[in-house]
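*Asks:* Quick one: sequence plus predicted model below, questions after.
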Amino acid sequence: MKVDVVLGLQWGDEGKGKIVDVLTPKYDVVARFQGGPNAGHSLEFGGNKYVLNTIPSGIFHEHCINIIGNGVVIDPVQLRKEIEKAETTGVDIRKNLYISEKAHVILPTHRLVDAASEAHKGVHKVGSTLRGISPTYQDKIGRSGLRIGDLMGNQFKAKYDSVVSNHVKLLNSLNFEYNLADHEPAFFEAVEYLKSFKIINSEYYINQLIKDGKKVLAEGAQGTLLDIDFGSYPFVTSSNTITGGACSGLGISPQKIDKVYGIFKAYCTRVGNGPFPTEQENETGELLRKLGHEFGATTGRPRRTGWLDLPTLKYAIMLNGVTDLICTKSDVLSGFDQVQLCDSYSINGKVTSELPFNLYDESVQPNYKSFPGWSGDLTKVREYNNLPETFRNYMDYVESQIEVPVSIISVGPDREETIVK
Ligand code: IMP
């Protein structure tokens, strides 16, 4: 048995939560491999909406084992809140949730350091979600982080104090005002709470599950253009969001990867700062934001919006080895007279579909192709051939350019609002 991967091909917020939820009935296991509570995976079913930050999106399916892998960073306070909220649906979270002992822990001071560093950067700030992601991964790479397994040991408090003392020095050097006493009690209570969950060596567990013939879906967070190596650096997150991240973030070998589902929105969005060649800072962008409800699931921030960008999409497909494409939010484009997409860039007068070293270079100009738009309510359509012809023309063009078939089209937020091609 092999592992399939599902991940985002843009700047995050492609609708991964819903797609994982739709795919889950085919899988026995869903495993998150990177990121942390900077993610906000929205799921809608039975008229209700749930946002998951750290818990894998298979949690609402009773048959499904959910693993938070070693590549994830975990904020105990946030995870506790998330678990308690998810429990209100009646699902037994404790039964199906497994946490890697090697996942790193986000401490209260990681969040404070995140806020202090962003404030210090001023206009050059990344626009982080301020969830402590970057400082936690910095400590991981700097070999001073605390891992979930450390919470169990009797050295925990000593290790905690040592890491925190470094953070305190940094916070003081940045003249950042804070009161640790506002944060620590909830943190230590959440640590105690988490100890009663299944904290395991998840790399042995997942490899055994694969050996036993279980079907595993590895769930990514954020998107390829936020990858620490290949994203629009330095305006990126601090983990590998690409397929390779599933291997290092779960402890599975590359030969075990089978399908790679790449999710893209029919247009583009981005939260936070950084380059966005097809951004529409105009009425079109406003309309996309309004129709697509483009406000961050985690922070509530308005998302920046723009047209679909094929050079970045092709790049993401190449890096991830995408085998199946999934297009989301196609319904949002309904009602536009003309729909545009960028199929190449002009850089200093040269036309190319390759990404330059610096995507934020002023000379990167998108070249657009225009398509007649479509109208009507797509959310009720369940057969691909019943979609408007103009929509299918747009999609045919996209497929012809990216040379990977689009196998699922999402036409609304609910599980049911999905077309399998
Ligand atoms: P961080 O991961 O919180 O440090 O944020 C780094 C950048 O990634 C910022 O531009 C964030 O807005 C963006 N980002 C982080 N997580 C997500 C996500 O789940 N969706 C979209 N953007 C994200």
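*Replies:* Sure, I can see it. Residues are numbered from 1 along each chain as shown.
*Asks:* show me where pLDDT drops low in the stretch 201-350 of the chain?
*Replies:* Scanning the stretch 201-350 of the chain for pLDDT under 70 picks out nothing.
*Asks:* all helices in it, in order from the N-terminus.
*Replies:* 202-211, 243-250, 283-291, 310-320 (DSSP state H, counting those that start in this stretch).
*Asks:* Of all those helices, which one comes closest to I133?
*Replies:* helix 243-250 (13.9 Å; Cβ to Cβ). C-beta coordinates here come from the backbone N, C-alpha and C atoms, glycine included.
*Asks:* Contacts for that closest one, please.
*Replies:* Identification of contacts with helix 243-250 by Cβ atoms under 8 Å, 6 or more residues apart in numbering yields 3, 5, 7, 31-34, 67, 69-72, 202-203, 206, 218, 220, 227, 239-240, 252-254, 257, 260, 319-321.
*Asks:* Looking at those residues, which are in strands?
*Replies:* Of the contacts of helix 243-250, the ones assigned to strands by DSSP state E are V3, V5, L7, A31, R32, I67, A218, I257, V260.
*Asks:* What's the local residue count around V123?
*Replies:* 5 (other Cβ atoms under 10 Å).
*Asks:* Distance of it relative to the ligand?
*Replies:* Applying Cβ to the nearest ligand atom, to the nearest Å, the value for V123 to the ligand is 14 Å.
*Asks:* count of neighbours near the closest residue in space to F264 that isn't next to it in sequence?
*Replies:* Residue nearest to F264 in three dimensions, not counting chain neighbours: L9, with 4.5 Å by Cβ to Cβ, 6 or more residues apart in numbering. Close neighbours of L9, defined as other Cβ under 10 Å, add up to 27.
*Asks:* go on, T54?
*Replies:* The number of residues packed near T54 is 27, by other Cβ under 10 Å.
*Asks:* before we move on, the earlier item: any idea which of the ones in strands among the contacts of helix 243-250 is closest to L97?
*Replies:* Using Cβ to Cβ, I67 is the member of those that sits closest to L97, with 8.1 Å.
*Asks:* Thought N96 was touching that closest one, still the case?
*Replies:* No: using Cβ atoms under 8 Å, I67 is not in contact with N96; the gap is 9.5 Å.
*Asks:* Show me which residues of the stretch 251-400 of the chain sit near the ligand.
*Replies:* Within the stretch 251-400 of the chain, the residues that sit near the ligand (Cβ under 6 Å from any ligand atom) are V271, G272.
*Asks:* For the residue in the stretch 251-400 of the chain positioned nearest to the ligand, which non-adjacent residue is spatially closest?
*Replies:* Distance from the ligand to each residue of the stretch 251-400 of the chain (Cβ to the nearest ligand atom) is smallest for G272, at 2.2 Å. Excluding its sequence neighbours, the residue lying closest to G272 (Cβ to Cβ, 6+ apart) is G127, at 2.8 Å.
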